[in-house]
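**Student:** Fold the following and give me the result.
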Amino acid sequence: MSHLSYMEKLLDGVEVEWRTLGDISIVYGGLTGKSKNDFEDGNASYIPYKNIFSNMAVNLDNLELVKISDMENQRAVKYGDVLFTGSSEKPDEAGMSSVVTQELEEAIYLNSFSFGVRFNSNIKMNPHFSKYLFRSYFMRKEIIKTASGVTRFNISKARFKRLQIPIPPLNVQAEIVRVLDTFTELTAELTAELTAELTARQQQYAYYRDECFNFNEVEWETLGVVSKIQRGASPRPIAKYVTDDKSGVPWIKIGDTRLGSKFVDNTAQRITFEGAEKSRVLKKGSFIMSNSMSYGRPYILGIEGAIHDGWASISDFEAKLNPDFLYHYLSSGNVKKYWESKINSSSVSNLNSDIIKALPVPIPPIDEQERIASILDKFDTLTTSLTEGLPREIELRKQQYEYYRDLLLSFPKPEVVAHD
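**Tutor:** Residues are numbered from 1 along each chain as shown. You can find the predicted model right below:
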């Protein structure tokens, strides 16, 4: 006897019906006819866009207020309704769903940028099953296909109503909900534990890193003495110099950094050689940091490129200063406090060249710099790397959960028989 998978056993002898949303539900819109003033002193609750976008089940503790008069014909949401965001700036974020999984004690309305689906009374859908179904990979893939646009992507109601969904018997829905609820709870517990561990490691790393730079008897120099400090430069007007030509010069902006990375090695845009001549081109290995955000969070250039005027650069440091050592020093809490104190005590609002040049830098022997950098690199990898350490473990747990969720919601679809 062949081995049967869990889903095969669960669906053995069971019929899973596939129906289009237009056949089994009504699709309704959110609030209509509202002005800005109606949201200033409201008397009724409504579900905001972000609540739907961020939650599989509507969070009834996160509602906002709107004025609704007795004469208005606004549609209130009901238990079991599936709510969708109507548009998004990104196509893969259009049509995010959230389900009303609790009985409502008062009338609650839907924001005007979203729409709802209410199943007909003869269609038996467990709301908790719906919350998993419409966030599954295969349903998200189909929902995204119903969106179109250029700068903003809107769901086409006509295409949306043609979407097909599986409707297994209620007992099968309930069993899938039970398994996914259990798995969701276990995943949340594990993620919370890993996140707490990551936070503790980050605090440990920050403490140890700062201790590594508490020197007593070493040489100190100001950063301006041991390196070249420059501010970035942007050619004006920028639009004139931006190019799609791959032979252009990489154009490195604030948005090209990646969370958790110490390198900038990619860029979304390039500028012409003429534009680069009007900008500031740095060699690979140079340091850059924002001169107005995050108090100088440092990055190392993994590519040669022109830097935006929102950057300050550090380059040409002397041979007696190890680049990895300098990176960890600039990332330390001691330096952040230094930046804060200089900005708070002056009339400037950003890290100008004079402040950066005046930063005291310890210069222990080069072998000691290398030893400290090696230790801190290992801590850095453990706490911030997206491919190693605890962040990777958290991401794997998320992927594992999504894999099993989609597996449990993969119902066989009936073959379409062609008619003569």
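
**Student:** Listing request: residues of the stretch 1-150 of the chain with sub-threshold pLDDT.
**Tutor:** 1-8, 13 (pLDDT under 70).

**Student:** go on, the stretch 151-300 of the chain?
**Tutor:** Ranges of the stretch 151-300 of the chain meeting pLDDT under 70: 255, 259-260, 292-295.

**Student:** Which parts of it are strands?
**Tutor:** Taking DSSP state E, counting those that start in this stretch as the test, the strands found in the stretch 151-300 of the chain are 153-155, 164-167, 219-222, 228-231, 242-243, 249-252, 263-264, 269-271, 280-282, 287-290, 298-301.

**Student:** Go through these and name the closest to residue 206.
**Tutor:** Closest of these to residue 206 is strand 298-301, at 14.9 Å (criterion: CB to CB). Every residue, glycine included, has its C-beta placed from N, CA and C.

**Student:** For the host helix or strand of residue 369, buried residues please.
**Tutor:** Secondary structure from DSSP states H and E places residue 369 in helix 366-384. Residues of helix 366-384 classed as buried by neighbour count (16 or more other CB atoms under 10 Å): 368, 369, 372, 373, 376, 379, 380, 382, 383, 384.

**Student:** who touches that helix?
**Tutor:** Helix 366-384 has contacts (CB atoms under 8 Å, 6 or more residues apart in numbering) with 198, 201-202, 204-205, 208-209, 212, 260-262, 320-322, 324-325, 327-328, 363-364, 388-391.

**Student:** Now the buried members of those residues.
**Tutor:** For the contacts of helix 366-384, buried by 16+ other CB under 10 Å: 198, 201, 205, 209, 212, 262, 321-322, 324-325, 327-328, 363-364, 389-391.

**Student:** Give the full set of residues in contact with residue 221.
**Tutor:** Contacts for residue 221 (CB under 8 Å, 6+ apart) come out as 360, 361, 363.

**Student:** partners of the nearest residue to the first one once chain neighbours are set aside in the sheet?
**Tutor:** Using CB to CB, 6 or more residues apart in numbering and skipping the chain neighbours, the partner closest in space to residue 360 is residue 220 (5.2 Å). The bridge-partner assignment for residue 220, based on DSSP bridges, gives residue 362.

**Student:** can I assume residue 173 is in contact with residue 127?
**Tutor:** No. The pair residue 173 / residue 127 is not scored as a contact, 9.8 Å apart, by CB atoms under 8 Å.

**Student:** one step back: of the strands of the stretch 151-300 of the chain, which is nearest residue 118?
**Tutor:** strand 164-167 (13.9 Å).

**Student:** Check which helices and strands that closest one sits against.
**Tutor:** strand 17-20, helix 21-24 (3 or more CB pairs under 8 Å, 6 or more residues apart in numbering; DSSP states H and E).

**Student:** Make JSON lines from those and add distance to residue 84 and mean neighbour count to it.
**Tutor:** Converted to JSON lines, the helices and strands packed on strand 164-167 look like this (distance: least, CB to CB, whole Å; neighbours: other CB atoms under 10 Å):
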{"stretch": "strand 17-20", "distance to residue 84": "16", "mean neighbour count": "14"}
{"stretch": "helix 21-24", "distance to residue 84": "11", "mean neighbour count": "15"}
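
**Student:** would you turn those into CSV with distance to residue 282?
**Tutor:** Below are the helices and strands packed on strand 164-167 laid out as CSV (distance: least, CB to CB, whole Å):
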stretch, distance to residue 282
strand 17-20, 56
helix 21-24, 54
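
**Student:** out of those, nearest to residue 403?
**Tutor:** Closest approach to residue 403 among the helices and strands packed on strand 164-167 (CB to CB): strand 17-20, 22.8 Å.

**Student:** starting at the chain centroid, how far to that closest one?
**Tutor:** On the basis of CA atoms, centre = their mean, to the nearest Å, strand 17-20 sits 33 Å off its chain's mean C-alpha point.

**Student:** partners of it in the sheet?
**Tutor:** By DSSP bridges, strand 17-20 pairs with strand 164-167 (antiparallel).

**Student:** List the buried residues for the partner strand?
**Tutor:** Residues 165, 166, 167 are the ones in strand 164-167 that count as buried (16+ other CB under 10 Å).

**Student:** hey, where'd the helices end up in the stretch 101-250 of the chain?
**Tutor:** Along the stretch 101-250 of the chain, counting by DSSP state H, counting those that start in this stretch, helices occupy 127-133, 137-144, 157-161, 170-212, 223-226, 238-241.
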